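**Q** Give me the fold of what follows.
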Amino acid sequence: MKTNLSINGKQFYINGKSVYSEIPGANPASLGLLWNQRLIQGVFDDKTDRTRFNLFKDKVFDPERNTDNLIAALSEWHTYGLRAVTVGFQGGWPVKCADVSDIENNPFGADGLSLDDAYAHRMDKIIRAADELGMVVIVSLLYWAQCNRIKDGRAVVNAVKTGAKFLRGGGYSNVILEIANEYNIQPFSSHPIAYSPEGMAMLIKTAREYSGGMPVGSSGGGGMADREVADESDVVIIHGNGLTRGEYYDFINRVKEWAGEKPVLCNEDSPCCTRVDVGLETYTSWGYYNNFTKQIPPADYGITPGEDLYFARRIARAVGIHVEELPLGKQFYLQGLEDWTSFHGKRAVRLAAEFPETIHYVDFYLNEKKIYRSYDEPFFLRRETTWLCESWAVKPDDKEWKAVVKLCDGRSIEIEKKL
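**A** Residues are numbered from 1 along each chain as shown. This is a model prediction of the structure:
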């Protein structure tokens with residue numbers, strides 16, 4: 001392996017040096033952090049009916065091609081300063097696209113003693129591709145909807161051991177092991193050993209033993225954390241979903257008191273790229289999560305126009321990589337109206353911005369009629385939370401779309417699109 005991850009106090013090191021120190025003129029505020037994003041569906045399959053994911057550019061879902069598309073995208077993300085991705089053995093929820101409880105995306109046997117060879121092969125490919133680039137993979141073992149396919153607490157322990165032994169057997173040195181994605185949300189309650197802080201602390205300890213000392217942690221739900229889990233973790237992993245910027249800042253500072261000299265790493269939040277600034281202020285790593293471009297398989301894992309590009313540019317500036325300033329009109333993008341982004345006739349419409357903090361509000365128009373005003377980042381049409389909006393069922397005559405961006409300095413920018 002070429003990439004050897006280690007932890008020195010609050011800092012992440014790669015090959016004995018703090019992350020980003022290899023960049024000439026690196027921003028000192030980013031040294032030792034691990035800017036990352038959630039690509040949770042990287043090894044995804046659906047044993048119930050994979051044809052429901054015959055979507056977007058690929059048209060026919062193929063799990064191997066889905067993995068290969070992620071691998072192909074890593075190099076470009078690396079050039080902008082991204083150094084880690086989260087990939088889940090049990091994936092995540094393709095929200096607004098399918099009923100997650102009906103999807104069978106579980107590589108573990110019901111007794112937790114086996115791991116599907118195809119999933120193992122795809123995960124191995126991702127880890128080794130990241131290793132070649134000097135990147136880290138945060139491997140997540142358990143997701144609530146699929147963990148419910150594991151029969152009992154003993155089987156959960158077995159699954160954690162099985163996953164940890166797979167990682168140890170691969171000889172990987174560029175992996176952080178996340179036991180569960182949001183262990184303390186109610187759907188995990190069917191398995192108290194994962195749901196309770198004491199049980200999760202025990203699973204973390206078990207995984208560390210069976211992985212050969214690999215860094216281990218487990219994320220809670222957005223704004224949720226437990227002292228017992230933080231105490232046992234090597235990396236204190238958190239999620240920021242649903243929080244305002246101020247609430248996220250307060251949450252980080254509370255968790256830092258528990259973490260002490262351990263690194264704090266958020267590996268799921270939202271497309272709210274101003275959280276990068278909170279990460280710099282608090283010296284904590286932050287993870288971008290875009291449900292619409294990155295979690296509905298077969299995902300386009302590349303840097304797509306709009307939110308993905310603006311996040312990549314924020315990361316580049318945060319670590320000290322020069323990017324040319326975009327003209328004002330190019331700093332905004334009316335998202336969700338591209339040909340390939342219709343989810344069964346529905347669209348997630350929003351206004352992406354490179355500098356959301358400069359916006360007072362955004363007005364959305366359809367066929368010259370105002371339909372919604374959005375005040376908060378991300379600027380969703382019919383906002384639900386920081387990472388999700390109501391879908392718009394597009395009718396044949398829904399042709400003329402416009403977003404009017406009112407900036408805090410009084411200027412207005414208009415972005416128009418036609419379907």
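**Q** so what's the residue lying farthest from the centre of the chain up against?
**A** Most distant residue from the mean C-alpha position of the chain: Glu368, 35.5 Å away (Cα atoms, centre = their mean). Residues in contact with Glu368 (Cβ atoms under 8 Å, 6 or more residues apart in numbering) are 400, 402. C-beta: built from backbone N, CA, C; applies to glycine.
**Q** quick one: it from Phe44, how far?
**A** Counting by Cβ to Cβ, to the nearest Å, the separation of Glu368 from Phe44 is 41 Å.
**Q** And for Arg254?
**A** Applying Cβ to Cβ, the value for Arg254 to Phe44 is 33 Å.
**Q** ranges for the helices of the stretch 301-419 of the chain?
**A** 307-319 (DSSP state H, counting those that start in this stretch).
**Q** Regarding the closest residue to Ala29 other than its chain neighbours, what are the backbone dihedral angles?
**A** Leaving aside its chain neighbours, Ala29 sits nearest to Leu280 (4.8 Å; criterion: Cβ to Cβ, 6 or more residues apart in numbering). Main-chain dihedrals, Leu280, degrees, to the nearest 10: phi -60, psi -40.
**Q** need the contact list for Leu280.
**A** Here Leu280 is in contact with 27, 29-30, 318 (Cβ under 8 Å, 6+ apart).
**Q** any idea of the pLDDT on it?
**A** With respect to pLDDT, Leu280 scores 98.
**Q** Check the spacing between it and Gly32 real quick.
**A** Leu280 sits 12 Å away from Gly32, going by Cβ to Cβ.
**Q** can you check Glu354 too?
**A** For Glu354, the distance to Gly32 equals 26 Å [Cβ to Cβ].
**Q** neighbours of the residue nearest to Asn367 when sequence neighbours are not counted, just the number please.
**A** Leaving aside its sequence neighbours, Asn367 sits nearest to Glu400 (Cβ to Cβ, 6+ apart; 4.8 Å). Counted by other Cβ atoms under 10 Å, the residues lying close to Glu400 total 14.
**Q** where do the helices sit along the stretch 151-300 of the chain?
**A** Ranges of helices within the stretch 151-300 of the chain are 153-169, 192-195, 197-211, 227-232, 245-259, 275-282, 291-294, based on DSSP H, counting those that start in this stretch.
**Q** List the contacts of the first one.
**A** Looking back up the chat, that one is helix 153-169. So helix 153-169 is contacted by 89, 108, 110-115, 120, 123, 139, 141-142, 147, 150, 175, 177, 179, 191-194, 199, 203, 206-212, 214 (Cβ under 8 Å, 6+ apart).
**Q** Please identify the buried residues of that helix?
**A** Across helix 153-169, burial judged by 16 or more other Cβ atoms under 10 Å covers 155-164, 166-168.
**Q** Tell me the bridge partners for Ile14.
**A** Leu5, Lys17 (DSSP bridges).
**Q** For it, which residues are in contact?
**A** Counted by Cβ under 8 Å, 6+ apart, Ile14 has contacts 3-6, 83, 134, 136, 174.
**Q** Recalculate using a threshold of 10 Å.
**A** Ile14 is in contact with 2-6, 20-22, 32, 34, 83, 134-136, 173-174, counting by Cβ atoms under 10 Å, 6 or more residues apart in numbering.
**Q** Could you give me the ChimeraX selection string for whichever of the residues you listed are buried?
**A** The ChimeraX selection below is limited to those of these classed as buried (16+ other Cβ under 10 Å):
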select :3,5,20,21,32,34,83,134,135,136,173,174
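**Q** one step back: quick one, which of the helices of the stretch 151-300 of the chain is nearest to Val60?
**A** Checking the helices of the stretch 151-300 of the chain against Val60 by Cβ to Cβ gives helix 291-294 as the closest, at 19.8 Å.
**Q** of the buried residues of helix 153-169, closest to Leu265?
**A** For the buried residues of helix 153-169, the nearest to Leu265 is Leu167 (17.6 Å; Cβ to Cβ).
**Q** Give me the pLDDT value at the residue nearest to Asn367.
**A** 97.
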